[in-house]
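Peer 1: next come a sequence and a model predicted from it.
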Amino acid sequence: MNRQRRKEERQRRAEDRGQWASKTEYILVVAGNVVGLGNVWRFPYLCYKNGGGTFLVPYGVFALLFGIPLFLLETSIGQYTQEGFVTCWTKLCPLAQGVGYGHIIIKMFDLSYIIIQAWALFYLIFSFSSQLPWASCENSWNTADCLSLHNLDFNSTNRTVLKNTTSAAIEFWERRVLGMSGGIEELGSVRWELALCLLVCWMCCYFCVWKSVRSSGKVAYVTATFPYVMLIILLIRGATLPGAVDGIYYYLYPDINHLANVKVWMEAGSQIMFSYSLTAGTLTVLGSYNEYNNDCYKDCFWISLLNSGTSFVAGFVIFSVLGFMAQSQGVTVDTVVDSGPGLAFIAYPQATALMPFPQFWTVCFFLMLLFLSVDTHFVTVECLITSIMDVFPKLFRKRGRHEIFVFITCLIFFITHLILVTDGGIYVFQLFDYYGTTGFCEYFMALCECLALSWGFGADRIITIIEDMTGQKPSFFFKLCWKYIIPVVSLISFILYLIDYKHLQFNDSYIYPDWAYALGWIMTLSSVLMVPFGAIGKTLMAVRASTKHLSSLFCPAEDPILQRKKAGEEETATELTSAITT
C-alpha cells in the first residue's frame, strides 16, 4: 500500500515538474552535454603532449576508476530523489547541502563559455566570404607585419624577417574578432558585432529551455546528432589529405616515459572530470527527469563509452588536418599544434583555408563547434534553473512563471557577459576559465560527494537503491571506488594541485595584475567554501531546533526502500522457519 502511494506521489511530482518524453531524449541530451568542445580541442592535444598513445593508459584508468563510478553515482541520486543538485541532499545527507550551493556558483562561471559559441558564430558568418579573411593580408585590420597564409614559408633562410611577422589568421583573431587591448586593465568598449552574436546565442538558449525538458529534449535531436555528421565528414576529408599520416603519427606515437610523470596522470583525471561533466551537478539534474525505473546502470556505461570514443576519433580529425598543414608549410607537426581557442580559431581555420573549396570545410568545422557548444550551454542553464526552482517550488512552479524566470535569467547573464565582448574580454574569459572552473574545485567536490554519500548516507544504501530502480545490483567494484579510491585520489590530486599552482599568464607572456589574481582566488573559493559554510549552517539550525538526533544530518531517517527490503527478508526468514518447524 505504501509503495503504491509513493508511486502515485512520484507520478504527481513528474507531472508538476516535468519528465523526459522518452528515453531517447534523455540519452541525446546527456550525450550532447558530455560530448563538447573538450573532446575536440582538449583531448587530442593532451594525448599528443603527454605521450601519444601512452596517454590512453592513465586516461583509461581514470575513466574506469573515476569517470564511470561517479557518473553512475550522480545520475542515480538524481533519478532516486527527483530533485535538483541542491534539494537532493535533503533526502541523502543534509549536512552536505553546501555542495549543491557550490554547484550553483560553478554553473554561473560555466555560463561564460557561451563566448566560445559567439566566436564560432562570428567565424561561421565570415566563412561564407568569397575569400576567407584570415587567409590574406588585404584587409583594413591587417598591419604591415602581416604575412598571408599562402606566403608562409618556415623553410625561409631569412629567419629574422619571419620572426618579425604575424600570420593573417592571428591578426584576424586578435585584431578583427577580439580587438585585443593591452590587458585586463584596459577593457575598452563593447564590440557590437560580437555583442550581436552573443545576443543570438542567448536567444537560442532561451528557446531551448523555456519549456524545460519538454523543449530541450526536442532540440537535442538536432544539437546532439548534427556534430557527429560534421565529425564524420571532416574525418573522411582529413584522412584523404597529404600529410595526414604524419599528423596521426604525432597524435598516437607512444612514449612510455610519460607514465612516470605525475602531471600526466593529473591531466588525465582533469580531462575525465571535465569531459564527463562530473562534480558539477549536471548529471544529477538530468537524471532527476527520468522515470524511477530507468536503467541508469546501463546508461552510464554506454554514454561513457560514447564520450571517450568521440574524443579518440576527434583526435584523428584534428591531427590529420594539422599534418596536412605542416606538410603544406614544410614544417613538423609540433610547430602547428595548439589547443583550446588557438586550435579552433587560428590553427584549424588556417589549415582549411589551404584546402580546395575552403569555405565548405570551414563552414563544416564551425557548424560542428557551434552545435557542440549549444547543447552544452543550454543544459548548463537548464540545470541551474531547475535546481533553483526546486528550492522554491511554490514560487516558480505556477503556470507561466517558468518561462518568465528563464527569460530573466538569460537577460541578466547576457548583460553580465557583455564584459566578455569588450576589447579586454579575452583576459576576463581566461580568468573565469582558469579560476572559476578549476581542477581545484572539481577534486574538492568529488571528495565531498563521495564522503557524504558513501560514508554519510551509506554506500550499501546506494547499491540497494540502484538495484531497486534498475533491477540490477551494481558490482562491489563501485562501492570500493566510492568509499576509498575516489576520495583518496581526489585528496591527493587536490594537494598536488595546490603544490603545483602557478599564476595564470595569457599567451605565456602577459602577467595579470595582483588584484586580478586575488579576484581569481575569490572565484575559486566562492564555490569551495560553500561546503563548510553549508555544514555549519545546517548544524546551527539543528541545534537551535533542539534536534536530539544530530546524526540525521549525515543520513535521513530509514529509507522506505530499505525498510521494504528488510521486511521482505524477515518475512522470508519467518516462512522458512515455519516450514522447517512443520
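Peer 2: Cool, the structure landed.

Peer 1: can you pull out the strands in this protein?
Peer 2: Taking DSSP state E as the test, the strands found in the chain are 146-147, 166-167, 505-506, 510-511.

Peer 1: and Val406, which of the ones you listed is closest to it?
Peer 2: Closest of the strands of the chain to Val406 is strand 505-506, at 34.0 Å (criterion: C-beta to C-beta). Using the backbone N, CA and C atoms, a C-beta is placed for each residue, glycine as well.

Peer 1: and that closest one, what does it pack onto?
Peer 2: Contacts defined by 3 or more C-beta pairs under 8 Å, 6 or more residues apart in numbering; DSSP states H and E place strand 505-506 against helix 425-431.

Peer 1: any idea how far the helix it packs on is from the chain center?
Peer 2: Centroid separation for helix 425-431 versus its chain: 18 Å, with C-alpha atoms, centre = their mean, to the nearest Å.

Peer 1: again, but for stretch 409-419
Peer 2: In terms of C-alpha atoms, centre = their mean, the centre of stretch 409-419 is found 20 Å from the chain centre.

Peer 1: stretch 38-46 now?
Peer 2: Distance of stretch 38-46 from the chain centroid (C-alpha atoms, centre = their mean) equals 13 Å.

Peer 1: ok, now stretch 439-447?
Peer 2: Stretch 439-447 sits 14 Å away from the centroid of its parent chain (C-alpha atoms, centre = their mean).

Peer 1: show me what it is in contact with.
Peer 2: With contact meaning C-beta atoms under 8 Å, 6 or more residues apart in numbering, stretch 439-447 is reached by 66, 70, 99, 102-103, 106, 266, 269-270, 273-274, 278-280, 486-487, 490-491, 493-494, 497-498, 501, 524, 527-528, 531.

Peer 1: so who does Leu132 touch?
Peer 2: Contacts of Leu132 (C-beta under 8 Å, 6+ apart): Phe126, Pro349, Ala353, Pro358, Gln359, Thr362.

Peer 1: make CSV from the residues you listed and add pLDDT and neighbour count to it.
Peer 2: CSV is the format used below for the contacts of Leu132 (pLDDT from 0 to 100; neighbours: other C-beta atoms under 10 Å):
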residue, pLDDT, neighbour count
Phe126, 93, 17
Pro349, 88, 26
Ala353, 86, 23
Pro358, 90, 18
Gln359, 93, 17
Thr362, 93, 25
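
Peer 1: of all those, which comes closest to Arg401?
Peer 2: Phe126 (40.3 Å).

Peer 1: sketch out the low-pLDDT regions of the stretch 1-150 of the chain for me.
Peer 2: Applying pLDDT under 70 to the stretch 1-150 of the chain picks out residues 1-16, 150.

Peer 1: pLDDT score for the nearest residue to Leu504 once chain neighbours are set aside?
Peer 2: Among residues not flanking Leu504 along the chain, Tyr434 sits closest, at 4.5 Å (C-beta to C-beta, 6 or more residues apart in numbering). You'll see Tyr434 listed with a pLDDT of 90.

Peer 1: residue numbering should commence at 763 henceforth.
Peer 2: Sure, I'll start counting at 763 from here, so that last one is Tyr1196.

Peer 1: count of residues packed around Tyr1196?
Peer 2: Under the neighbour criterion other C-beta atoms under 10 Å, Tyr1196 is assigned a count of 18.

Peer 1: my read: it touches Gly1282, true?
Peer 2: Yes. The pair Tyr1196 and Gly1282 passes the contact test of C-beta atoms under 8 Å, sitting 6.6 Å apart.

Peer 1: intersection of neighbour lists for these two?
Peer 2: Listed as contacting both Tyr1196 and Gly1282 by C-beta under 8 Å, 6+ apart are Leu1266.

Peer 1: what about the helices in the stretch 1163-1312 of the chain?
Peer 2: With helices called from DSSP state H, counting those that start in this stretch, the stretch 1163-1312 of the chain shows them at 1163-1178, 1187-1193, 1201-1212, 1221-1232, 1238-1242, 1248-1261, 1276-1290, 1292-1306.

Peer 1: what does the fourth one contact?
Peer 2: Put plainly, it is helix 1221-1232. Residues from elsewhere that reach helix 1221-1232 (C-beta under 8 Å, 6+ apart): 834-835, 838-839, 841-842, 1054-1060, 1215-1216, 1234-1236, 1240-1241, 1244-1245, 1317, 1321, 1323-1324, 1327.

Peer 1: picking up where we left off before, save the strands of the chain as JSON lines, and put in distance to Ser974 and mean neighbour count too.
Peer 2: Below are these laid out as JSON lines (distance: least, C-beta to C-beta, whole Å; neighbours: other C-beta atoms under 10 Å):
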{"stretch": "strand 908-909", "distance to Ser974": "49", "mean neighbour count": "20"}
{"stretch": "strand 928-929", "distance to Ser974": "46", "mean neighbour count": "18"}
{"stretch": "strand 1267-1268", "distance to Ser974": "38", "mean neighbour count": "14"}
{"stretch": "strand 1272-1273", "distance to Ser974": "42", "mean neighbour count": "13"}
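
Peer 1: perfect, that will be all.
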